[in-house]
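# Okay, here's the prediction I keep looking at, along with the sequence it came from:
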Amino acid sequence: MTAVALVPFVTSLLLACCGGRLGRRLPPATATRLLTTACLVTALATGFILAVVAFTLLAPMPMLAAAGHWSATVVRGHDPLPATAGLLGAALRRTIAVGRDLAAAELTCRRLGPAPTGLVVVDDDRADAYTLPGLTGRIVASTAMLRALPPDERRVLLAHEHSHLHHRHHVYTQEFFRNPR
């Protein structure tokens, strides 16, 4: 079981490390087949592991044991709950950390004041523009950035930042592993 449990992890690492390079270096048809197969193997292995974990967590329930005609005591004797509890604890801590970060971003948005268009202009000599996530979110641009761009490029910049905000790109850029505070 341990080797099977490593398949999603190893293929995910390989995809993360090599997928982009393979996609650019291989002929499109080959890259598509290879990367699709790797993604399929990862998805199937992950689904299998999740099914096994779900079974081992739910199988000891008397009602399910009676319906499945197995011994809840035997299943409970091989309970992987400590390892699963650790993973669930880590996921819960990560969820809390992300929630705290988004709450802080939302507080910052509120402190910036109302912005009907979502744009907040800050007086700064550095050219900078970014999207601040949160429930309401804001597009923040420095006066130096706005002065440096002609009107048509300003529209492109604001459309670009609005796209980040509208499509909630901050959700996809959350760090998976982070240093403890």
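That came in fine, so what should we check first?
# so what are the domain limits for this protein?
Domains of the chain are assigned by the TED database as 1-60, 113-171.
# worst average pLDDT in these?
Of all the domains of the chain, the minimum mean pLDDT falls on domain 1-60 (a mean of 79).
# coming back round to it: out of the domains of the chain, nearest to Ala91?
Nearest of those to Ala91, taken as C-beta to C-beta: domain 1-60 at 12.6 Å. Where C-beta positions appear, they are placed from N, C-alpha and C, glycine not excepted.
# Tell me how far that closest one lies from the chain's centre.
Centroid displacement of domain 1-60 relative to its chain, using C-alpha atoms, centre = their mean, to the nearest Å, is 17 Å.
# I figured Leu14 hits Thr37, correct?
No - contact criterion C-beta atoms under 8 Å: Leu14 and Thr37 do not qualify, at 11.8 Å.
# hmm, back to that, any chance of a markdown table for the domains of the chain, columns mean neighbour count and distance to Ala105?
Formatted as a markdown table, those follow (neighbours: other C-beta atoms under 10 Å; distance: least, C-beta to C-beta, whole Å):
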| stretch | mean neighbour count | distance to Ala105 |
| --- | --- | --- |
| domain 1-60 | 13 | 26 |
| domain 113-171 | 14 | 4 |
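# now the ones you listed as a markdown table including distance to Arg100?
Output for those, formatted as a markdown table (distance: least, C-beta to C-beta, whole Å):
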| stretch | distance to Arg100 |
| --- | --- |
| domain 1-60 | 26 |
| domain 113-171 | 12 |
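# Provide the backbone phi and psi angles at the most far-flung residue of the chain relative to its centre.
The centre of the chain is farthest from one residue, His69, which by C-alpha atoms, centre = their mean lies 39.4 Å away. The phi and psi values for His69, taken as degrees, to the nearest 10, are phi 60, psi 50.
# per-residue pLDDT, it?
With respect to pLDDT, His69 has a value of 77.
# and what of Pro80?
In this model, Pro80 is scored at 53, pLDDT.
# Then the one 3 residues further on?
pLDDT, the model's per-residue confidence, is 57 for Ala83.
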